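S.K.: starting from these lines, generate the structure:
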Amino acid sequence: MSARIVLIVLTSSLAWLPAAWAQQLRDPTQPPSLLMQDGMAAGASSEPVLQSVFISPTRRAAIISGQTVRFGEKFNGATLVKITESEVVLRNGGELQTLKLFPGIGKRLTSAHGRQNSDNRK
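M.R.: Below you'll find the predicted structure:
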């Protein structure tokens, strides 16, 4: 009888193992944990973050820190005065604040002459 009880206990505990393992699996669609930590730190700051820009013939809007703001509307007391594909400008009194969609990425211009020289080297 005791062997049967041991067998039942072992079998029932093995039945719960897949559920315990599933809790430890990482969602493959989630960004790496390093990026999540950076995002949480950015979300914790009081600075507004530009998350998306919408530009159409009839509507111009931006998502700033999770809030949809249309052109001319206010966000935290500042008015949205400019929207481009990569940035928006907020005006608070006489102060302008530019929010970039990709703040770490800058645009570099190259001359046509420099491009031609690199093509000739191939």
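S.K.: CA only for contacts and neighbour counts going forward, please
M.R.: Noted.
S.K.: distance of V53 relative to L10?
M.R.: Going from V53 to L10 by Cα to Cα, to the nearest Å gives 57 Å.
S.K.: and these two? Which one has more around it.
M.R.: V53 (20 against 11; other Cα atoms under 10 Å).
S.K.: beta partners for the nearest residue to that one once chain neighbours are set aside?
M.R.: Spatial nearest neighbour of V53, chain neighbours left out: A62 (4.4 Å); criterion: Cα to Cα, 6 or more residues apart in numbering. Under DSSP bridges, the beta-bridge partners of A62 are V53, V69.
S.K.: burial measure for A62, as a count.
M.R.: Per other Cα under 10 Å, the neighbour tally for A62 reads 24.
S.K.: got a list of what it touches?
M.R.: For A62, the contact set (Cα atoms under 8 Å, 6 or more residues apart in numbering) comprises 50-54, 68-71, 83, 88.
S.K.: could you redo the last one with a cut-off of 6 Å?
M.R.: Residues in contact with A62 (Cα atoms under 6 Å, 6 or more residues apart in numbering) are 52-54, 68-69.
S.K.: let's have these in CSV, adding distance to R26.
M.R.: Output for the contacts of A62, formatted as CSV (distance: Cα to Cα, whole Å):
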residue, distance to R26
S52, 27
V53, 31
F54, 32
T68, 31
V69, 34
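S.K.: closest to L101 among the residues you listed?
M.R.: Among the contacts of A62, S52 lies closest to L101 (Cα to Cα), at 6.8 Å.
S.K.: skipping its backbone neighbours, what lies nearest that closest one in space?
M.R.: Nearest to S52 is I63, by Cα to Cα, 6+ apart, at 5.1 Å.
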